[in-house]
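Undergrad: starting from these lines, generate the structure:
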Amino acid sequence: MSIYQPNGTIGKELADALLALGLPKSEHEVFMTVYELKDGVAAHFVADALDIPRSTAYSALNSLVDRGIVIRKKHSGTSAFMTSQKIIDNYIESRHATMRQAKEILNTTDKTSQDS
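TA: Residues are numbered from 1 along each chain as shown. I've put the predicted structure just below:
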């Protein structure tokens, strides 16, 4: 069972917004834990905080790194995972750009089918 609780209204709103942008539910608690500890956190701490297996924490963290919403930095031989306002802004902007591109493709496809 998870002990994660979003930190106030902003934490809840951010978690909801990220879910709406397509962040899988399986990763959002891990992300929010990293978000609240912006200075960096080891995977085993995330696993302990959320009462999940370390392998699950590593998998979610690696996926978040691949998505570009979390970064990994080596510190004294240990990976520390972190995020920042700038990283989150870049992730949101890239999601918006992808949605705009999809909309343009749909509009072009719709115009082409109407011309036929």
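Undergrad: dump the residue contacts of residue 47.
TA: By Cβ atoms under 8 Å, 6 or more residues apart in numbering, residue 47 lies in contact with 53-54, 56-57. Backbone N, C-alpha and C define where each C-beta goes, glycine included.
Undergrad: which of those lies closest to residue 26?
TA: Residue 26 has its nearest neighbour among the contacts of residue 47 in residue 56, at 8.4 Å by Cβ to Cβ.
Undergrad: which strands and helices sit next to whatever helix or strand that closest one lives in?
TA: Per DSSP states H and E: residue 56 is located in helix 54-67. Here helix 54-67 touches helix 25-36, helix 43-50, strand 71-75, strand 78-82, going by 3 or more Cβ pairs under 8 Å, 6 or more residues apart in numbering; DSSP states H and E.
Undergrad: what about 7 Å?
TA: Counting contacts by 3 or more Cβ pairs under 7 Å, 6 or more residues apart in numbering; DSSP states H and E, helix 54-67 packs against helix 25-36, helix 43-50.
Undergrad: out of the ones you listed, flag the one nearest residue 99.
TA: Here helix 25-36 is closest among these (Cβ to Cβ), at 18.9 Å.
Undergrad: quick check: angle from the closest one to strand 78-82?
TA: 90 degrees (axes from the mean of the first three to the mean of the last three Cα atoms, to 10 degrees).
Undergrad: surely residue 54 is in contact with residue 45?
TA: No - look at residue 54 against residue 45 with Cβ atoms under 7 Å: they stay out of range, at 10.0 Å.
Undergrad: just the buried residues of stretch 83-100, please?
TA: 83, 87-88, 91, 95 (16 or more other Cβ atoms under 10 Å).
Undergrad: nope, stretch 62-82 is what I was after
TA: In stretch 62-82, counting by 16+ other Cβ under 10 Å, buried: 63-64, 67, 69-70, 79-82.
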